[in-house]
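Asks: mind folding the following:
(2 chains)
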There are 2 protein chains.
Amino acid sequence: MVRMADVARAAGVSVMTVSNVLNERLPVGESTRARVMAAVEDLGYEVNLTARHLRAGRTDTVAFVVPSFHDYFGELADQVAPLVEAEGRHLVLERTSANAEQEMEALSVSRLQIYDGVLLSVAGVDREQLGRVRTPKPIVLLGERDVPDHLDHVRLANESGALLATAHMIEHGSRRIVALGCSTDAAHTMTTDRRLGWERAHQDAGLAADPAYVVPVSDYTSRGGRDAMLEVIASGLPFDAVFAVTDIVALGALSALADHGLRVPVDVQLAGFDNLDMSSFVPPGITSVDANHEGVAEAAVRLLHRRMSGWTGPAEHVVAPVRLVVRGSTRGA
Amino acid sequence: MVRMADVARAAGVSVMTVSNVLNERLPVGESTRARVMAAVEDLGYEVNLTARHLRAGRTDTVAFVVPSFHDYFGELADQVAPLVEAEGRHLVLERTSANAEQEMEALSVSRLQIYDGVLLSVAGVDREQLGRVRTPKPIVLLGERDVPDHLDHVRLANESGALLATAHMIEHGSRRIVALGCSTDAAHTMTTDRRLGWERAHQDAGLAADPAYVVPVSDYTSRGGRDAMLEVIASGLPFDAVFAVTDIVALGALSALADHGLRVPVDVQLAGFDNLDMSSFVPPGITSVDANHEGVAEAAVRLLHRRMSGWTGPAEHVVAPVRLVVRGSTRGA
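Replies: Numbering: from 1, shown residues only, chains lettered A, B, ... in the order given. This is a model prediction of the structure:
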């Protein structure tokens, strides 16, 4: 067992200096600091970080709790990370598999102790369950579900995003637009809000929004999008455009359309939501609602940072604006 | 401040029982356990998890340290998570931006203390730096770089994967195959190994592998792949196939080919590496070397779990086998 005194001897400094460096209690000159850290490294001295955290009441770690690690959340997390790092903390990701129980578990008092704060992308728990949440640590919720007023929350302008995409395709001649992966189910706020935007675009243009064109998907994967699109094609329902609830679902639709020789955008216009990196590159380019990762990340980290700095004011509910990125899959490009 | 005695009173049990439940020291009946946990929840009692960890020497948490959160690593992490969870631990992700300093920092004795073990995807540090690593905690390295013998490591069969993809396109008539994103740089093991596979496929077929066809990319994004492909097209170098070093790079190449009216696979065959989910769906489907996420995740978690169970034998170096998934972007489909 290496002791602090051994490190001090190797670095040619006092034990107090070693302690100051390791606990960041007092300013220490850079060359001294480097000498101490080299000795720590050489000797394999274990800084007792857990014990230090107990004393300091600070862990320098923020958790971002997400339904899954890849696609949308991976891209968003890569925007969140530098903002958290800029405040001298590091970010860790945990996943819940969109499971309500695991989301509540992530907010349990015991789990929160190893973090200074938590960002939680809500996908499983409902408003009522969240209403019971009283945490000793700052948390900020993300995502498209309704949440109680007492919790900070950042969500997207889902309805206006879907409206932009749908209106754009109406403007370029489509009249029979499948709302793929959208829903009339009030429990699924995101898919319902996007369906409302699709509806409102029709109303704004003086058109009827036929509920037969609201087509759910079994899951929000490309496979789910592809399968649902194939069923629409097989059903004989006439359509000349697809508004897909996410880019991942849009990619599945594109695959199904290609298999049936339906040309995008000549025969069918296609738009998605999220503006994933891949949507710029999949030929002919997928028109998509930019989910404003940057704005969401910035708002979420700003709210969390404010709480971590001791602010105890009322919760803020941010709706991050979105914009449409037009590419080759629609006729406006 | 809620005390353990308050929880005991609310739950109608002894303080010792509360302590046994919270510290999982002794078996406690399920109904008693539920009653105690309900009281903990109601009263907002903070289990002092950090202190408990200090006593138990176990944090029930494993870190997976990755260069970035999205695409390849996000998909791999979603395979690793359930395997770690199956052992009663939860997985957290940290990212290093492929930065050598941040990778060494992740292995520093102080950071390791909050984890039972660490999986590190090496992208920045070199073999020599890793040679100095002596950790008090179990770690397993992943990734395509050479690592010192004393550390457990899981890598892919990069060379044979690239050979499979290249040989498949040679078999289906291509003779001038761009090795996009490959490299002759010995420091970049992954891109060099994949270039070696591309070379060996030529040798096996009795063809010359012209170094002019090894085209680096400025970065391993679709943008990087697209830009490099556009330069190849502009240069006038004749080619009839592209082996892209990753699917993300392949997608960029596909975008550039489409812009120039080059038909895949009629004019140009295209294959990638990683078999990302999107590669099944991007028309006409991207032929790709399956990076065997499942096998890599399984081997890495197996090695880590063995170490966490106290095993102190010699390090194991696993090379996970790969296979080719043929789709519409090559003529063999």
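Asks: residues touching A:Arg307, list them.
Replies: Neighbour list for A:Arg307: A:117, A:138-140, A:152 [criterion: C-beta atoms under 8 Å, 6 or more residues apart in numbering or on different chains]. Any C-beta I mention is one placed from the backbone N, CA and C, and that applies to glycine too.
Asks: cool, A:Glu294 as well?
Replies: Contacts of A:Glu294 (C-beta under 8 Å, 6+ apart): A:Gln79.
Asks: go again using 10 Å as the cut-off
Replies: A:Glu294 is in contact with A:76, A:79-80, A:83, A:320, counting by C-beta atoms under 10 Å, 6 or more residues apart in numbering or on different chains.
Asks: gap between it and B:Ala205?
Replies: A:Glu294 sits 48 Å away from B:Ala205, taking C-beta to C-beta, to the nearest Å as the criterion.
Asks: got the domain boundaries for chain A?
Replies: Domain segmentation of chain A under automatic domain parsing yields A:4-47, A:59-157+A:293-322, A:158-290.
Asks: turn those into JSON lines, including mean pLDDT.
Replies: Shown next, in JSON lines, are these (pLDDT from 0 to 100):
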{"stretch": "domain A:4-47", "mean pLDDT": "74"}
{"stretch": "domain A:59-157+A:293-322", "mean pLDDT": "90"}
{"stretch": "domain A:158-290", "mean pLDDT": "96"}
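Asks: circling back: restricted to strands, list the contacts of A:Glu294.
Replies: Assigned to strands by DSSP state E, the following of these qualify: A:Ala320.
Asks: show me the two of the contacts of A:Glu294 that sit farthest apart.
Replies: The largest separation in these, counting by C-beta to C-beta, is between A:Leu83 and A:Ala320 at 14.2 Å.
Asks: my read: A:Ala34 touches A:Val21, true?
Replies: Yes: contact criterion C-beta atoms under 10 Å: A:Ala34 and A:Val21 qualify, at 9.5 Å.
Asks: now for these two: what residues contact both?
Replies: With C-beta under 10 Å, 6+ apart, A:Ala34 and A:Val21 have common neighbours A:11, A:28.
Asks: out of those two, which sits in the more crowded spot?
Replies: A:Val21 (24 against 13; other C-beta atoms under 10 Å in any protein chain shown).
Asks: could you pull out the strands for the stretch 201-333 of chain A?
Replies: Taking DSSP state E, counting those that start in this stretch as the test, the strands found in the stretch 201-333 of chain A are A:214-215, A:241-244, A:269-274, A:287-290, A:317-320, A:323-325.
Asks: from the contacts of A:Arg307, which is closest to B:Ser121?
Replies: Among the contacts of A:Arg307, and counting by C-beta to C-beta, the member closest to B:Ser121 is A:Gly117, at 25.9 Å.
Asks: surely that closest one is in contact with A:Gly310?
Replies: No: the pair A:Gly117 / A:Gly310 is not scored as a contact, 11.6 Å apart, by C-beta under 10 Å.
Asks: need the contact list for A:His317.
Replies: Counting by C-beta under 10 Å, 6+ apart, A:His317 has contacts A:141, A:146-147, A:149, A:151-155, A:303.
Asks: try 8 Å this time
Replies: Residues near A:His317 by C-beta under 8 Å, 6+ apart: A:147, A:149, A:152-153, A:155.
Asks: for A:Thr246, same thing?
Replies: Contacts of A:Thr246 by C-beta under 8 Å, 6+ apart are A:72, A:181, A:220, A:272-274.
Asks: how about 6 Å then?
Replies: Neighbour list for A:Thr246: A:220, A:273-274 [criterion: C-beta atoms under 6 Å, 6 or more residues apart in numbering or on different chains].
Asks: one more: A:Glu103?
Replies: With contact set as C-beta under 6 Å, 6+ apart, A:Glu103 has these partners: A:96, A:124-125.
Asks: would you map the helices across chain A?
Replies: Counting by DSSP state H, chain A has helices at residues A:4-11, A:15-23, A:30-43, A:49-56, A:72-85, A:100-106, A:109-112, A:127-131, A:158-171, A:189-204, A:222-235, A:247-259, A:293-308.
Asks: and the closest residue to A:Gly88 other than its chain neighbours, its phi and psi?
Replies: Nearest non-adjacent residue to A:Gly88, counting by C-beta to C-beta, 6 or more residues apart in numbering or on different chains: A:Asp60, 6.7 Å away. A:Asp60 has phi and psi values of phi 60, psi 20 when expressed as degrees, to the nearest 10.
Asks: what number of residues lie near A:Asp60?
Replies: 16.
Asks: and what of A:Thr17?
Replies: Residues near A:Thr17, counting by other C-beta under 10 Å: 20.
Asks: the residue nearest to A:Gly88 and A:Arg89 touch, don't they?
Replies: Yes: in this structure, A:Asp60 is within contact of A:Arg89 by C-beta atoms under 6 Å, at 4.9 Å.
Asks: and the stretch 201-333 of chain A, which of its residues are near chain B?
Replies: A:222, A:251-252, A:255, A:258, A:278, A:281-283 (C-beta under 6 Å from any C-beta of the partner chain).
Asks: next up, the contacts around A:Ser183.
Replies: For A:Ser183, counting by C-beta under 6 Å, 6+ apart, the contacting residues are A:191-192, A:195, A:216.
Asks: now do A:Ser329
Replies: A:Ser329 is in contact with A:264-265, A:270, A:284, A:286-287, counting by C-beta under 6 Å, 6+ apart.
Asks: 10 Å instead, please
Replies: Going by C-beta under 10 Å, 6+ apart, A:Ser329 touches A:169, A:241-242, A:250, A:253-254, A:257, A:264-265, A:268-272, A:279, A:282-288.
Asks: and if you look at A:Val125?
Replies: Per C-beta under 10 Å, 6+ apart, neighbours of A:Val125: A:96, A:98-104, A:106-107, A:131-133, A:141, A:145, A:147.
Asks: now the buried members of these.
Replies: A:96, A:98, A:102-104, A:106-107, A:133, A:141, A:145, A:147 (16 or more other C-beta atoms under 10 Å in any protein chain shown).
Asks: hang on, the earlier thing: so what's in contact with A:Asp60 and A:Arg89 at the same time?
Replies: Counting by C-beta under 10 Å, 6+ apart, the contacts common to A:Asp60 and A:Arg89 are A:115-116.
Asks: so what's the gap between stretch A:126-135 and the chain middle?
Replies: Averaging C-alpha positions (C-alpha atoms, centre = their mean, to the nearest Å) puts stretch A:126-135 20 Å from its chain's average.
Asks: which residues are in contact with that stretch?
Replies: With C-beta under 10 Å, 6+ apart as the test, stretch A:126-135 has contacts from A:100-101, A:103-104, A:107-109, A:111-112, A:117-118, A:120, A:122, A:125, A:139, A:141, A:145-151, A:153, A:187, A:189, B:41-42, B:44, B:46.
Asks: thinking again about what came up before, who wins for neighbours among the contacts of A:Thr246?
Replies: A:Phe273 (31 neighbours).
Asks: how much space separates the residue lying closest to that residue once chain neighbours are set aside from chain B?
Replies: Closest residue in space to A:Phe273, ignoring its immediate chain neighbours: A:Val289 at 4.4 Å, by C-beta to C-beta, 6+ apart. Remark: distance between A:Val289 and chain B (C-beta to the nearest C-beta, to the nearest Å) = 19 Å.
Asks: what is the burial count for A:Asp227?
Replies: Residues near A:Asp227, counting by other C-beta under 10 Å, number 15.
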